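> Next input, structure requested:
(2 chains)
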Amino acid sequence: MNDARQNPLLPLELKSVALTIGGRPLLSGLNLKVTTPGVTTILGHNGAGKSLLLRLLHGLGTADTGTITWGRQSVAATAVKARQAMVFQQPILLRRSVAANLDYVLQLPHARPILSRKQLLNLASLSAVASQPARTLSGGEQQRLAFVRALATGPDIMFLDEPTANLDPDATQWIEDLIKNARAKSIKIFLVTHDIGQARRLSQDVIFLNKGRIEEHTDAASFFHRPKSAYSQQFVNGVLPASPQSAQ
Amino acid sequence: MQDFRQSFSHAAQLIADLDPTLIEIVLLSLKVSLTATLLACVIGMPLGALLATRRFFGKWLVSVVLNTLMGMPPVVLGLLFYMVLSASGPLGWLQLLYTPGAMIIVQTFLVLPIVTALTKQIIEDAWSEYQPLLQSLRVGKWGSAQTLLWDMRTSLLTVALAGFARAISEVGAVIVVGGNINHLTRVMTTAIALETSKGELALALALGMILLLIALTVNALVFSTRQRVTV
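Numbering: from 1, shown residues only, chains lettered A, B, ... in the order given. Modelled structure (predicted):
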């Protein structure tokens, strides 16, 4: 499953997707087609709409207008949702043991586990703490558990919403290794991150959002070496945007 | 002071001797209040979970009414059920008035708002945290409610204990629908009220001590379970 033909949920297509909340347009005029396997990274400043877009792609919210399709099926289709999994910035762990967190997902009626509990624990190096309450783990361990728990459903698509935002470099390395492992298993990954270094290390292509609009969607090499718009260039070069105070 | 000391001494003797009248009253009290608490939990906890996780028109009003009912005076509730269960009432044909059954029913309804409202609050807090995960995993509404109830079980145990404490310590409702009939519907609180009015302080004190012991045990259980609710 190393190309679009083999992943049943690709291509991903967005046509004229828009979302307004409280009279404020948060996403507008989104047109997009993703066919590539590997990691698609969604970049942009705070408030650009990255996490919101990720949630719409996962069907956790509904766009006001436009269509989102996965392999020509609606984002709302049961067959689509069953093949997707999400990892949140703050790991949401059940108040159970590490092993019971995995069992909960493995026993879901629509789960298509490709790895056993033991294999998942080994993958995240959590075998030694399997019987420990999940919420007593360190932040890095909690995120590793959240990652392999998402993997336990046997997804074709994984959404990662800033999975390393609160982690130190060692813990970040663990998560990046898990991402590479998932990528090697032909799972298509959509990653939201603020870490440009991480985006450079992992991405096959980049979606750059600016104020709810897609500023640029291109392969990672082009984005990091020859960003098209001035705004993208500023972002890649780490130039801070003009502050509202200085604008006044 | 002499009478005071004598009453305490006599009360302690009644407890030490496991006085049959005392034991009968204690056992009936426990039977009525434990059954009522169990029924209130069976009805109130799923109801609280559903109220917490579902959106519907008038939810705000339901929450306000529930919170108001938490403070319902037991004697008022007793009066309402007296009217419902009396011979001329809509459920008079059940002939439950002045039976332990009537006391269980009235205490169930006394505890139900407490269990439902506290469960709703606990599950609401947990739901706001779990919702994205459970939606992402496509766990249905009932599955979500079950997951939340199970994961919050330690907190919910404290809710059940709080409900039991309310039931075992109330006097107004059970005296109205139970009638405080000797060997039939006399429970600790009604017996204490009666014996005190008769000036028979020993039995009243003995029952009071046991009631306090039960309250102490319940609070100790609540405290220890809260200590364990860390994960």
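> going forward, measure contacts between C-alpha atoms and count neighbours the same way
Will do.
> quick one: buried residues of the helix of greatest length in chain A?
Criterion DSSP state H: the longest helix present in chain A is helix A:169-184. For helix A:169-184, burial by neighbour count (16 or more other Cα atoms under 10 Å in any protein chain shown) applies to A:171, A:172, A:174, A:175, A:176, A:178, A:179, A:180, A:182, A:183.
> what ranges do the helices span in the chain?
All of this refers to chain A. Going by DSSP H, chain A shows helices at A:50-57, A:78-81, A:98-106, A:117-123, A:139-151, A:169-184, A:196-202, A:220-225, A:230-236, A:244-247.
> wrong one, chain B
B:2-16, B:20-53, B:59-70, B:74-85, B:100-136, B:141-151, B:153-169, B:172-178, B:188-198, B:201-228.
> CSV for those, including mean neighbour count?
Below are the helices of chain B laid out as CSV (neighbours: other Cα atoms under 10 Å in any protein chain shown):
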stretch, mean neighbour count
helix B:2-16, 14
helix B:20-53, 20
helix B:59-70, 14
helix B:74-85, 19
helix B:100-136, 22
helix B:141-151, 18
helix B:153-169, 21
helix B:172-178, 26
helix B:188-198, 19
helix B:201-228, 17
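> Looking at these, which is nearest to chain A?
Comparison of those against chain A by Cα to the nearest Cα identifies helix B:141-151 as nearest, at 5.5 Å.
> didn't residue A:200 look like it was pressed against residue A:220?
Yes - between residue A:200 and residue A:220 there is a contact under Cα atoms under 8 Å: 7.1 Å.
> Might you list the low-confidence residue ranges for chain A?
The model of chain A has pLDDT under 70 over residues A:1-5, A:241-248.
> At the contact with chain B, which residues of it appear?
By Cα under 8 Å from any Cα of the partner chain, the part of chain A that sits against chain B consists of A:58, A:60, A:81-82, A:85-86, A:92, A:94-96, A:105, A:133-136.
> what's the most buried one of the helices of chain A?
Of the helices of chain A, the one with the most neighbours on average (mean count of other Cα atoms under 10 Å in any protein chain shown) is helix A:139-151, at a mean of 24.
> Who are the packing partners of that helix?
Judged by 3 or more Cα pairs under 8 Å, 6 or more residues apart in numbering or on different chains; DSSP states H and E, helix A:139-151 is in contact with strand A:84-87, helix A:98-106, helix A:117-123, helix A:169-184.
> gap between stretch A:184-191 and the chain center?
Remark: stretch A:184-191 is offset 9 Å from the chain centroid, using Cα atoms, centre = their mean, to the nearest Å.
> cool, and stretch B:196-209?
With Cα atoms, centre = their mean, you get 23 Å for stretch B:196-209.
> Which residues outside it are in contact with it?
With contact meaning Cα atoms under 8 Å, 6 or more residues apart in numbering or on different chains, stretch B:196-209 is reached by B:7-12, B:14-15, B:22, B:26, B:188-189, B:191-193, B:195.
> Would you mind checking the average pLDDT for stretch B:173-190?
In this model, stretch B:173-190 has a mean pLDDT of 95.
> pLDDT-wise, which helix or strand of chain B ranks last?
helix B:2-16 (a mean of 82; mean pLDDT, DSSP states H and E).
> which helices and strands sit right next to that helix?
The contact analysis (3+ Cα pairs under 8 Å, 6+ apart) places helix B:2-16 against helix B:201-228.
> What average pLDDT does the helix it packs on get?
85.
> one step back: tilt between the longest helix of chain A and helix A:139-151?
10 degrees (axes from the mean of the first three to the mean of the last three Cα atoms, to 10 degrees).
> Only C-alpha atoms, please: export helix A:169-184 in CSV.
What follows is helix A:169-184, C-alpha atoms only, in CSV (Å, rounded to 0.1, in the frame of the first residue of the first chain):
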residue,chain,number,x,y,z
PRO,A,169,13.4,15.9,22.6
ASP,A,170,13.7,12.3,23.8
ALA,A,171,10.0,11.8,24.0
THR,A,172,9.6,13.5,20.6
GLN,A,173,12.1,11.1,19.1
TRP,A,174,10.0,8.2,20.3
ILE,A,175,6.8,9.6,18.7
GLU,A,176,8.6,10.3,15.5
ASP,A,177,9.9,6.7,15.4
LEU,A,178,6.3,5.5,15.9
ILE,A,179,5.2,7.8,13.0
LYS,A,180,7.9,6.4,10.8
ASN,A,181,6.9,2.9,11.8
ALA,A,182,3.2,3.6,10.9
ARG,A,183,4.3,5.2,7.6
ALA,A,184,6.2,2.0,6.8
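> same for that helix, what does it pack against?
For helix A:169-184, the packing partners by 3+ Cα pairs under 8 Å, 6+ apart are helix A:139-151.
> Quick one: residues contacting residue 149.
Reading this off chain A. Residue A:149 makes contact with A:101, A:102, A:105, A:120, according to Cα under 8 Å, 6+ apart.
> um, chain B though
Under the criterion of Cα under 8 Å, 6+ apart, the neighbours of residue B:149 are B:45, B:46, B:49, B:123, B:156.
> and of the residues you listed, the nearest to residue A:27?
Using Cα to Cα, residue B:123 is the member of the contacts of residue B:149 that lies nearest residue A:27, at 32.1 Å.
> so how far is residue B:184 from that closest one?
In this view, residue B:123 and residue B:184 are 39 Å apart by Cα to Cα, to the nearest Å.
> cool, residue A:170 as well?
Going from residue A:170 to residue B:184 by Cα to Cα gives 70 Å.
> Repeat that for residue B:18.
Distance of residue B:18 to residue B:184, given as Cα to Cα: 19 Å.
> who's more crowded, the two?
Comparing residue B:18 with residue B:184 by other Cα atoms under 10 Å in any protein chain shown, the one with more neighbours is residue B:184, at 15 against 12.
> My read is that that one contacts residue B:103, right?
No - counting by Cα under 8 Å, residue B:103 is not a contact partner of residue B:184; they are 11.0 Å apart.
> Identify the residue spatially nearest to residue B:96, adjacent ones excluded.
residue B:102 (5.4 Å; Cα to Cα, 6 or more residues apart in numbering or on different chains).
> Same check on residue A:171?
residue A:140 is the one closest to residue A:171 (Cα to Cα, 6+ apart), at 5.0 Å.
> so how far is residue B:152 from the one you found?
Look at residue A:140 and residue B:152: by Cα to Cα, they are 24 Å apart.
> And residue B:81, by the same measure?
Distance, residue B:81 to residue B:152, using Cα to Cα: 33 Å.
> now do residue B:143
In this view, residue B:143 and residue B:152 are 14 Å apart by Cα to Cα.
> got it, and residue B:172?
From residue B:172 to residue B:152 the distance is 32 Å (Cα to Cα).
> Same check on residue B:188?
Separation of residue B:188 from residue B:152 (Cα to Cα): 32 Å.
> what does residue B:68 give?
Counting by Cα to Cα, the gap from residue B:68 to residue B:152 is 24 Å.
> what separates stretch A:189-197 from the chain centre, distance-wise?
That offset, for stretch A:189-197, works out to 8 Å (Cα atoms, centre = their mean).
> could you measure the closest residue to residue B:115 other than its chain neighbours against residue B:164, distance?
The shortest distance from residue B:115 to any non-neighbouring residue, by Cα to Cα, 6+ apart, is to residue B:44 (5.5 Å). Taking Cα to Cα as the measure, residue B:44 falls 13 Å from residue B:164.
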